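K.L.:
Structure, please.
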Amino acid sequence: MGNAHGEGEIITPPNTLRKKVGGRMGPASEAMIATAEAAIADLSDNFDQWMKDEVGKLEAARKTVIAEGLDGDAGQRLFNAAHDLKGLGTTYGYPLVSQIADSLCTITLEKDVRAKAPMKLVNAHVDSIRAIVNGQIKTAQHATGQSLARELGQRAKEFLASV
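P.N.:
As a prediction, this is how the structure comes out:
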């Protein structure tokens, strides 16, 4: 089972994962793919409202941050809301939201860094995300949106370099 090696013994456990998951999956059938695409198309009518709901959560978190500060639970809720938007933005058709939310996540991830983040920078991120969703900007090629995302990303990098 193991090999003696110097002062210790290396133990190689048996690989039972394949038995547990059932081996290799076969290729997905065209019918399965078509069914999945149809289900997503049916849900896509809800994406805009779901994005607005998520932005509402982000704005509520920001409101609490303004009252309580970034370093406590309110700051963590702001990070969580931004992280959700980072993942959902592209899925729901708003790639710039994902990009800007990612930038917001970088300045709010760690509690000690988040506590020092300038509220002007946090507000700029939140306001930009809201504007993109309200304006239904659903392309990463939107010139103003790209410029805004680049600028916010640069400001976030500058802040992180200063802490």
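K.L.:
what about this structure, any weak spots by pLDDT?
P.N.:
By pLDDT under 70, the low-scoring segments of the chain are 1-6, 17-18, 21-26.
K.L.:
Show me which helix runs longest in it.
P.N.:
helix 47-68 (DSSP state H).
K.L.:
List the buried residues of that one.
P.N.:
Buried positions in helix 47-68, judged by neighbour count with 16 or more other C-beta atoms under 10 Å: 47, 51, 54-55, 57-59, 61-62, 64-65. Using the backbone N, CA and C atoms, a C-beta is placed for each residue, glycine as well.
K.L.:
Summarise which helices and strands it is packed against.
P.N.:
If you count contacts as 3 or more C-beta pairs under 8 Å, 6 or more residues apart in numbering; DSSP states H and E, helix 47-68 packs onto helix 73-91, helix 119-134.
K.L.:
returning to what we had before: take the buried residues of helix 47-68 and write them to a markdown table, including distance to residue 114.
P.N.:
Shown next, in a markdown table, are the buried residues of helix 47-68 (distance: C-beta to C-beta, whole Å):
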| residue | distance to residue 114 |
| --- | --- |
| 47 | 29 |
| 51 | 24 |
| 54 | 20 |
| 55 | 20 |
| 57 | 17 |
| 58 | 15 |
| 59 | 18 |
| 61 | 12 |
| 62 | 13 |
| 64 | 14 |
| 65 | 9 |
